[in-house]
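Undergrad: okay, sequence plus prediction incoming.
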Amino acid sequence: MAGNIELLDSVLAQAKAENRAALVGYLPAGFPTVDGGVRAMTEMLDGGCDIVEVGLPHSDPVLDGPVIQTADDIALRGGIKIVDVIRTVRDVHAATGAPVLCMTYWNPVDAYGVERFAADLAEAGGAGCILPDLPVEESEVWRKAAEQHGLATVFVVAPSSRDERLAKITAAGSGFVYAASLMGVTGTRESVGREAQELVVRTRATTELPVCVGLGVSNATQAAEVAQFADGVIVGSAFVKRLLEADGDEQAGLAGVRALAGELAEGVRKRS
């Protein structure tokens, strides 16, 4: 079975046709539990997200701030395995029909088997994979497997990336480009600024792919700010925070992520 890169492309194109940014939500698989995570991501999509990223929890998430690290720890303590991550992708896609990507560091994919991971992700209905620590120069084996199975390969660009580096990264990617609007770790912040906008402009100069901005957005005002210049707004820590704040009350957590998705969905539609 082929993966859903075409579904991802069409959802991003539809948002553009509606003159708005797409809303991309993120949660690690297995948080607060495997089934609880599936329910939460389903609520996020039903509440207003267009696309969801399923994180593969890692014991040393170098790109993630303390909020996502906390969620990863909970998932790892719960015994999360790659098969659970794949099942999360399958169940969320089956429940919503939305594009679902996996976001993972390279090591687990390499250990699981590149071809096997691509085949299993595609068979589950996945749309692609975001690989924040895989250098483009070492990505050919993965990209071939992903292309063969109908999966997008999403690379991450940062403000520190020079223009020639941006061109190399965007030429190798598919689906969209993940623009990390803050150097270093992810997490909600007070304002999402000029640095992100400059990065989007520089990235767009190298590619026709949509450019989605992550690392920092936590409310509708910030989502609207980023939607002025980005093709998509990626939100992770703010969703995790809603679940953590529910403190084990699953219904409150689900209501929280659904409400946040609705607020953010309004934000990405506010283009002046």
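TA: Received the coordinates, thanks.
Undergrad: what helices or strands is the lengthiest helix in the chain leaning on?
TA: The longest helix of the chain (DSSP state H) is helix 250-268. On a contact count with 3 or more Cβ pairs under 8 Å, 6 or more residues apart in numbering; DSSP states H and E, helix 250-268 meets strand 22-28, helix 34-47, helix 220-227, strand 232-235, helix 237-245. In this view, the C-beta of every residue, glycine as well, is placed from N, C-alpha and C.
Undergrad: parallel or antiparallel, list what pairs with the first one.
TA: Just to be clear, that refers to strand 22-28. Using DSSP bridges, strand 22-28 pairs in its sheet with strand 51-55 (parallel), strand 232-235 (parallel).
Undergrad: buried residues, stretch 108-119. List them.
TA: Neighbour counts over stretch 108-119 (16 or more other Cβ atoms under 10 Å) mark 108, 109, 112, 114, 117, 118, 119 as buried.
Undergrad: for that stretch, what is the distance to the chain centroid?
TA: Put simply, stretch 108-119 sits 19 Å off its chain's centre (Cα atoms, centre = their mean, to the nearest Å).
Undergrad: okay, helices next: where are they in the protein?
TA: Under DSSP H, the chain gives helices at 5-17, 34-47, 66-77, 82-96, 106-112, 114-123, 140-148, 163-172, 194-204, 220-227, 237-245, 250-268.
Undergrad: export these to TSV and tack on distance to residue 155 and mean pLDDT?
TA: As requested, these are arranged in TSV below (distance: least, Cβ to Cβ, whole Å; pLDDT from 0 to 100):
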stretch	distance to residue 155	mean pLDDT
helix 5-17	14	98
helix 34-47	23	98
helix 66-77	19	92
helix 82-96	20	98
helix 106-112	12	96
helix 114-123	16	98
helix 140-148	10	98
helix 163-172	5	96
helix 194-204	10	92
helix 220-227	19	92
helix 237-245	21	96
helix 250-268	22	97
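Undergrad: let's have those in CSV, adding distance to residue 156.
TA: Shown next, in CSV, are these (distance: least, Cβ to Cβ, whole Å):
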stretch, distance to residue 156
helix 5-17, 16
helix 34-47, 21
helix 66-77, 15
helix 82-96, 19
helix 106-112, 12
helix 114-123, 18
helix 140-148, 14
helix 163-172, 8
helix 194-204, 11
helix 220-227, 16
helix 237-245, 16
helix 250-268, 20
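Undergrad: may I see the buried residues of stretch 212-222?
TA: Residues 212, 213, 214, 215, 216, 217, 218, 220, 222 are the ones in stretch 212-222 that count as buried (16+ other Cβ under 10 Å).
Undergrad: tell me which of these has the lowest pLDDT.
TA: Sorting these by pLDDT puts residue 215 at the bottom of the list (70).
Undergrad: quick check: that one touching residue 193?
TA: No: with contact defined as Cβ atoms under 8 Å, residue 215 and residue 193 do not form a contacting pair (11.7 Å).
Undergrad: and for these two, which residues touch both?
TA: Both residue 215 and residue 193 are in contact with residue 181, where contact means Cβ atoms under 8 Å, 6 or more residues apart in numbering.
Undergrad: what about dumping the CA coordinates of stretch 215-224 to PDB?
TA: Only the C-alpha atoms of stretch 215-224 are listed here, as PDB (Å, rounded to 0.1, in the frame of the first residue of the first chain):
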ATOM      1  CA  LEU A 215       9.000  26.000  17.400                       C
ATOM      2  CA  GLY A 216       7.200  28.700  19.400                       C
ATOM      3  CA  VAL A 217       3.500  29.100  18.600                       C
ATOM      4  CA  SER A 218       1.100  28.600  21.600                       C
ATOM      5  CA  ASN A 219      -2.000  30.700  21.000                       C
ATOM      6  CA  ALA A 220      -4.300  32.100  18.300                       C
ATOM      7  CA  THR A 221      -2.500  35.500  18.200                       C
ATOM      8  CA  GLN A 222       0.900  34.000  17.500                       C
ATOM      9  CA  ALA A 223      -0.700  31.600  15.000                       C
ATOM     10  CA  ALA A 224      -2.200  34.600  13.100                       C
END
